[in-house]
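K.L.:
Quick one: sequence plus predicted model below, questions after.
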Amino acid sequence: MVDLAGVTAGGAGSVDAAVLIGAVLLEAVLLYVGYGAVEQVFGHRVVDRLKGE
């Protein structure tokens, strides 16, 4: 299991953990938006090509 005592006790470790979690969440949002934009631009072309149209 993960020991959360260090995170809840405060200090530099909790700041580092919060920054890491924020960076991962930001990356996830950017990838989600980016892949959505790519799908909007190329989605129909790819589907039509796969259908042979």
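P.N.:
Yep, that arrived.

K.L.:
Give me the residue at the spatial middle of the chain.
P.N.:
When Cα atoms, centre = their mean is applied to the chain, the residue found nearest the centroid is A28 (1.1 Å).

K.L.:
Can you tell me the element that one falls in?
P.N.:
Using DSSP states H and E, A28 falls within helix 12-51.

K.L.:
Tally up the residues packed near A17, please.
P.N.:
A count of nearby residues for A17, using other Cβ atoms under 10 Å, gives 13. Where you see a C-beta, it was placed from the backbone N, CA and C, and this is true even at glycine.

K.L.:
hang on, I meant V41
P.N.:
V41: 9 neighbours (other Cβ under 10 Å).

K.L.:
Next, find the distance separating it from V24.
P.N.:
26 Å (Cβ to Cβ, to the nearest Å).

K.L.:
likewise L50?
P.N.:
33 Å.

K.L.:
Low-confidence ranges, the protein, go.
P.N.:
1-12 (pLDDT under 70).

K.L.:
one more time with 90, if that's ok
P.N.:
Across the chain, the ranges flagged by pLDDT under 90 are 1-16, 52-53.

K.L.:
Quick check: the spatially most distant residue from the centre of it vs H44, distance?
P.N.:
Within the chain, the residue lying farthest from the chain centre (Cα atoms, centre = their mean) is E53, at 33.8 Å. Distance, E53 to H44, by Cβ to Cβ: 10 Å.

K.L.:
Since that was my last question, I'll sign off now.
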